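Visitor: Below is the sequence, then the predicted model.
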Amino acid sequence: LIDFYLNSPFTSTAFYPFALIDNAYTSKLIFSSISIVLFLISIHLLAKKFVLGHEEILCLLPILFYIPIRNHILFGQSYMLVFFLVVVGFYVIDKNKWIVGSTFLSLAALIKIFPIFYFLPLLLTNKRKVAFYIFFSTLGFVSISIYTSGFSFWYTYLFDVLPNSIINESTVDYHFS
C-alpha cells in the first residue's frame, strides 16, 4: 500500500539500508542523527562562505531550527538531508569537483523532486558539463532503484502519479503496487 506524494520511487531505495535495522526506533534515531550532523556541516559551509568571522551563529541553529529539527525527528522528513546534498553539491561544484557535486545534486532531486529546478541555473551559467554529469548520475541511481524496487514501481510513478499530480495539483490515492 503506497502513497507517493511527490517522492520518487528512489526514496525507498535511498532509505533501504535503514529498513535493514530491526528496531524502527533505532533506525529512525540513526537516520535523524546522521541528517542533523550533515545539516550542521552544510550550515557551517554556508557560514564559512558567506558569514566569515561570525561562526558563533551556529550556536543559534538549534533554537532557530527547533521546529524543523523536531519535525525531522518526529515525522522522518528528509529536508535536512536534501539541504545538505544541495549545499554541498554546489559547494564542491564551485571547487571544480563536478562528479561529486553532480552526484549530490542528483541524489537530492531523486529524494525530493524540487531540487530538479537547480538543474536550470547550471545550464544557464554554462556549466553544461555538470548538467551532463547530473543527467548520467541520475540515470545510474534510477537504474539501481529499478533493480532493487522493480520497474513497475517506476512505471506507476512516471505514468500515473506524476501526470495526475500535474493535472490535478494533487497526488494519487493509496493504491497497491
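Guide: Right, received. Where do you want to start? Numbers count the residues shown, from 1 in each chain.

Visitor: residues of whichever strand or helix holds residue 152 that come out buried?
Guide: For residue 152, the host element (DSSP states H and E) is helix 151-156. Neighbour-count burial for helix 151-156, counted by 16 or more other Cβ atoms under 10 Å, picks out 153-154, 156. Every C-beta, even on glycine, is put in place using the N, C-alpha and C of the backbone.

Visitor: Quick check: mean pLDDT of that helix?
Guide: For helix 151-156, the mean pLDDT works out to 88.

Visitor: Dump it to PDB, restricted to CA.
Guide: This file holds the C-alpha atoms of helix 151-156, laid out as PDB (Å, rounded to 0.1, in the frame of the first residue of the first chain):
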ATOM      1  CA  PHE A 151      10.300  -1.500 -13.000                       C
ATOM      2  CA  SER A 152       6.500  -1.500 -12.200                       C
ATOM      3  CA  PHE A 153       7.200   0.800  -9.200                       C
ATOM      4  CA  TRP A 154       8.800   3.400 -11.500                       C
ATOM      5  CA  TYR A 155       6.200   2.900 -14.300                       C
ATOM      6  CA  THR A 156       3.400   3.700 -11.900                       C
END
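
Visitor: Which strands and helices lie in contact with that helix?
Guide: In this structure, helix 151-156 makes packing contacts with helix 128-149, judged by 3 or more Cβ pairs under 8 Å, 6 or more residues apart in numbering; DSSP states H and E.

Visitor: Shouldn't residue 21 be within a helix?
Guide: No. Under DSSP: H, G, I helix; E, B strand; the rest coil, residue 21 falls outside any helix and is assigned coil.

Visitor: so what's the residue lying closest to it once chain neighbours are set aside up against?
Guide: Excluding the flanking residues, the one nearest residue 21 by Cβ to Cβ, 6 or more residues apart in numbering is residue 27, at 3.9 Å. Residues counted as contacts of residue 27 (Cβ atoms under 8 Å, 6 or more residues apart in numbering) are 18-19, 21.

Visitor: residue ranges with poor pLDDT in the chain?
Guide: Applying pLDDT under 70 to the chain flags the ranges 1-6, 52-58, 115, 169-177.

Visitor: now, which of the buried residues of helix 151-156 sits nearest residue 119?
Guide: Closest approach to residue 119 among the buried residues of helix 151-156 (Cβ to Cβ): residue 154, at 19.5 Å.

Visitor: gap between the closest one and residue 126?
Guide: Distance of residue 154 to residue 126, given as Cβ to Cβ, to the nearest Å: 32 Å.
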